[in-house]
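1. Take this sequence and fold it.
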Amino acid sequence: MNKLLIATFRKGKLDEFFGVLGDLKIKLLTLEDINFPKIEPKEIGKTFIANAVIKAKFYGQKTGLLTLADDSGLQVKALPNKLGVKTKRYASGKDKDRWQKLLKEMINVPDTKRQAQFVSAVALFNPGTNGLKTAQGICKGKIARYAKGNHGFGYDPIFIVAKLNKHFAELTLEEKNQISHRGHSLKKIKKYLKEYTSV
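-> From the prediction side, this is the model:
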């Protein structure tokens, strides 16, 4: 069976990758499955796509495996350039520390100006051919005034999905994959994965 390395150490992301791609006739491997040391490349790209490519090539070249990597983040209209590709580095600590800081920073932002969107870029790299495919997905919504829900990870507790008027963290994994930024990007790249020998 063909193999695909999912290049992330984040369990929340892995769950979403497996949720969308699990029915493919490809053996999905994690970095832990192959005992890869917990090292990550420097994300020096100025776009989500650029950083996804950096990660896919880093792990693909080191393992020799067909590799899929993601770079994602939150863009907040009221705080231009503060998050985006720097979302994970917005605040030190755990996920809760980051979204709590965002809520505090936006405490005086009115409801009409709390628009935001999640962006996910994925890159599929074949080290055998140097083939590269990328895709991007977006999910629009707004920043809530309080956290809600027990599912998901990252900023999910404070992001309200426009289409559902629910916090991401209220949704099950299956529900989230139907409408999320990562769900959209993975479904696009899934078309290539079905015929990945041409990548």
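2. The host helix or strand of Ser120 packs against which elements?
-> In this assignment (DSSP states H and E), Ser120 forms part of strand 115-126. When contacts are defined as 3 or more C-beta pairs under 8 Å, 6 or more residues apart in numbering; DSSP states H and E, strand 115-126 sits against helix 48-63, strand 67-76, strand 131-143, helix 181-193. Where you see a C-beta, it was placed from the backbone N, CA and C, and this is true even at glycine.
3. Need the CA coordinates for stretch 99-112. CSV is fine.
-> Provided in CSV are the C-alpha atoms of stretch 99-112 (Å, rounded to 0.1, in the frame of the first residue of the first chain):
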residue,chain,number,x,y,z
TRP,A,99,-7.1,33.1,22.9
GLN,A,100,-7.4,34.7,26.3
LYS,A,101,-5.0,37.4,25.2
LEU,A,102,-7.0,37.9,22.0
LEU,A,103,-10.2,38.3,23.9
LYS,A,104,-8.6,40.9,26.2
GLU,A,105,-7.1,42.8,23.3
MET,A,106,-10.5,42.9,21.6
ILE,A,107,-12.6,43.8,24.7
ASN,A,108,-13.4,47.2,23.3
VAL,A,109,-14.0,46.1,19.7
PRO,A,110,-17.7,46.4,18.9
ASP,A,111,-19.7,43.4,17.6
THR,A,112,-19.9,44.9,14.1
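4. can you tell me which residues contact the nearest residue to Gln115 once chain neighbours are set aside?
-> Counting by C-beta to C-beta, 6 or more residues apart in numbering, the nearest residue to Gln115 once its immediate chain neighbours are dropped is Lys77, at 4.4 Å. The contact partners of Lys77, taken as C-beta atoms under 8 Å, 6 or more residues apart in numbering, are Lys113, Arg114, Gln115, Ala116.
5. While we're on the second one, how confident is the model there?
-> Taken from the predicted model, the pLDDT recorded for Arg114 is 98.
6. beta partners of the residue nearest in space to the middle of the chain?
-> With distances taken as C-alpha atoms, centre = their mean, Ser72 lies nearest the centre of the chain, 4.1 Å away. Beta-bridge partners for Ser72, by DSSP bridges, are Ser120.
7. So the residue lying farthest from the centre of the chain, which state does it fall into?
-> The centre of the chain is farthest from one residue, Asn108, which by C-alpha atoms, centre = their mean lies 28.4 Å away. Under DSSP: H, G, I helix; E, B strand; the rest coil, Asn108 falls in the coil class.
8. quick revisit: would you check that the residue nearest to the centre of the chain makes contact with Val119?
-> Yes. Using C-beta atoms under 8 Å, Ser72 makes contact with Val119 at a distance of 6.2 Å.
9. For those two, list the residues in contact with both.
-> Phe48, His181.
10. Not counting its neighbours along the chain, what's nearest Leu83?
-> Using C-beta to C-beta, 6+ apart and skipping residues adjacent in sequence, the residue nearest Leu83 is Leu74, 4.9 Å away.
11. Tell me the pLDDT of the one you found.
-> So Leu74 comes in at 97 (pLDDT).
12. what's the angle from the strand holding Ser120 to helix 181-193?
-> 30 degrees (axes from the mean of the first three to the mean of the last three C-alpha atoms, to 10 degrees).
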